[in-house]
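Asker: No sequence on hand, only this structure:
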């Protein structure tokens, strides 16, 4: 963690401006505020006291709504929120709102309406219009992690950029048959996965590879990535030479599937993810790194700023994921490009999964 | 989910006795109560209303304290608790109490002392004596999931049994060089992992294999199991033919390590875990199955029973994990037993991990 001076330097403003922008008091332009918040997010800076004493509303309790508790991203964001609230002596009340469940309906209809919190952080909630209406009508500050909604302050990474950068990395290595894996058009297809698919498509078009664009649907989980990759990799003729996965869990599932099938990563198949999941290093996974724990901390900071200054304008903090190159991606083997042309596979027979 | 009739049948009592035992009203013997609770836990039965209306204390809020949010067991228990509270219109306030942190000290000193909850569920907390004292002095009902403490009601699996059963499975397959992996004697060595190690030792002794008893320390995580297994499996001369892992995450880490090193599972190495983790099926992992989500639901049920009847005696619900045989364990190859004797390895050179 670094100080306010570092934030100011990164944002190209004075320390007092940076301090005003983060404390939520005094005038700064929206553009400056955004740059300062991005700089703070980038280095994980969290002001220690300013907003806190003013933020002691009636309940001293912050509500957190999220659709999954048992996935890496969500657990990490939750830990970041928890740490940050703990430092400030604030309680955390948790609402688990799985898409399409009665429980979710009840949370929106009954639990949130009780308003037993000073403010609310929604993580990857992807609320529908009705739900957004209910959130806004609470009359309490709301911060969304991941978003997206125009109605609240949002902390997220630039999903489009992350997927474009991942795809460009593979293009630069000579790959053309690059497939995108993850997301089910017919089943709770999260907007974050749609935006990443769009980023991939844009990069493919920009590289003149629009004809090679392929979306392999999968559940956005490790077993989901595994199951879909087994299907795709088993056919040696149509097999892609590289995969962009919508997240690291899906990427790791694909790597496990490849190993099962005797497909060597990276010599036969390059795989890149988005996350820098705790398992990424173990699988030597090249990825676009985000730090969800910091997103949680920044969300708390922004929520407290809104509590301190109810007139504070809504803002969007969009962080840039950073390319981390490990050993799951490599330059295309010239023999592989031939496969697409003559339909033969020089890699050897794939072993069937057990 | 099944009904009270099924619970009564399993416990060998009448429906009205089962109902009394679970509702916490009227006399039933401790032994009967335990049998009924175990039967209810086994089929995931949760009474829908009885205790609820009486359990509306001042806060309508239940506190949950746990040391990790981002591990499978804890996330599953939390989801079970959350589901169960949601059905009853009760809020959940979450406290993240990592071992050895300032945050944990603050939770015990400040947060819990505020008593902003009607009762508390502690999950895998492993409180020290001072912490147990503080929990008890709250004057609120406390239920521990995993335990262990004599001071509160506890829901857990029989760890000793699970590890013994796992070891006996390998012994029955002809293995002798069976190692136990998981737990660090010098670093927050959880009692659950110590009890499992003891269960393994007992089974090895009972089989006349005390001389082969080996504890391979590892972090109790997937990467931890991977790292320790890489070290152990790289030496083909001393390599065990079978591994009991303290949990599935460690077991899966060991399987990934084996694949990396060219050690075939199960023909060169049998691996068994404890959990039935969401990845167990993907890795064809033989394991002792527990259902943490149900432990969470049962914990809520017991807590509400204590709220309804403050004089209700403390109880221990200890569930039996069930052996689920998949493809990660097999009979010892007779050639392997020779390795220990002549020191040669017929399995082929192991590939070094990258």
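Answerer: Arrived safely. Only a predicted model underlies this, so the values are computations on that prediction, with no experimental measurement involved.

Asker: What residue in the stretch 251-354 of chain A comes nearest to chain B?
Answerer: Residue of the stretch 251-354 of chain A nearest chain B, by CB to the nearest CB: residue A:282 (5.0 Å). Placement of C-beta: from N, CA and C, glycine included.

Asker: Get me the contact residues on chain A for chain B.
Answerer: Proximity of chain A to chain B (CB under 8 Å from any CB of the partner chain) is limited to residues A:61, A:69-70, A:72, A:75-76, A:78-79, A:82-83, A:86-87, A:89, A:91-96, A:103, A:106-107, A:110-111, A:116, A:222-223, A:226, A:253, A:256, A:259, A:278-279, A:281-282, A:284, A:327, A:354.

Asker: Now the buried members of these.
Answerer: Neighbour-count burial (16 or more other CB atoms under 10 Å in any protein chain shown) applied to the residues of chain A next to chain B gives A:61, A:69-70, A:72, A:75-76, A:78-79, A:82-83, A:86-87, A:91-96, A:103, A:106-107, A:111, A:116, A:222-223, A:226, A:253, A:256, A:259, A:279, A:282, A:284.

Asker: Please narrow those to those residing in strands.
Answerer: A:61, A:91-96 (DSSP state E).

Asker: Name all residues that make contact with the residue of the stretch 251-354 of chain A closest to chain B.
Answerer: For residue A:282, the contact set (CB atoms under 8 Å, 6 or more residues apart in numbering or on different chains) comprises B:222-223, B:226, B:253, B:256.

Asker: Chain A next: which of those are close?
Answerer: When contact is defined as CB under 8 Å from any CB, the contacts of residue A:282 meet chain A at B:222-223, B:226, B:253, B:256.

Asker: Which one of those residues is nearest to residue A:34?
Answerer: Proximity of these to residue A:34 (CB to CB) peaks at residue B:223, which lies at 36.5 Å.

Asker: Quickly note the distance from the closest one to residue A:134.
Answerer: To residue A:134, residue B:223 is 41 Å away according to CB to CB, to the nearest Å.

Asker: cool, residue A:249 as well?
Answerer: Separation of residue A:249 from residue A:134 (CB to CB) stands at 30 Å.

Asker: Have a look at the two and say which one is more surrounded.
Answerer: residue A:249 (26 against 16; other CB atoms under 10 Å in any protein chain shown).

Asker: now the helix or strand where that one lies and helix B:248-260, what's the angle there?
Answerer: Per DSSP states H and E: residue A:249 is located in helix A:248-261. Angle between the axes of helix A:248-261 and helix B:248-260 is 50 degrees (criterion: axes from the mean of the first three to the mean of the last three CA atoms, to 10 degrees).

Asker: and whatever helix or strand comes next after helix A:248-261, how far from the chain's centre?
Answerer: Downstream of helix A:248-261, the next assigned helix or strand under DSSP H and E is strand A:270-275. In terms of CA atoms, centre = their mean, to the nearest Å, the centre of strand A:270-275 is found 13 Å from the chain centre.

Asker: Same check on stretch A:134-141?
Answerer: 24 Å.

Asker: Looking at it now, give me its mean pLDDT.
Answerer: Averaging pLDDT along stretch A:134-141 yields 88.

Asker: how long is that stretch end to end?
Answerer: Terminal residues of stretch A:134-141 lie 12 Å apart, using CA to CA, to the nearest Å.

Asker: Any buried residues in that stretch, and which?
Answerer: Counting neighbours by 16+ other CB under 10 Å, one finds that the buried residues in stretch A:134-141 are A:134-135, A:140-141.

Asker: quick one: which of those is nearest residue A:294?
Answerer: Here the nearest of the buried residues of stretch A:134-141 to residue A:294, counting by CB to CB, is residue A:141; it sits at 19.9 Å.

Asker: Okay, the residue lying closest to the closest one once chain neighbours are set aside and residue B:115: tell me how far apart.
Answerer: Spatial nearest neighbour of residue A:141, chain neighbours left out: residue A:306 (3.7 Å); criterion: CB to CB, 6 or more residues apart in numbering or on different chains. The gap separating residue A:306 from residue B:115 is 29 Å, by CB to CB.
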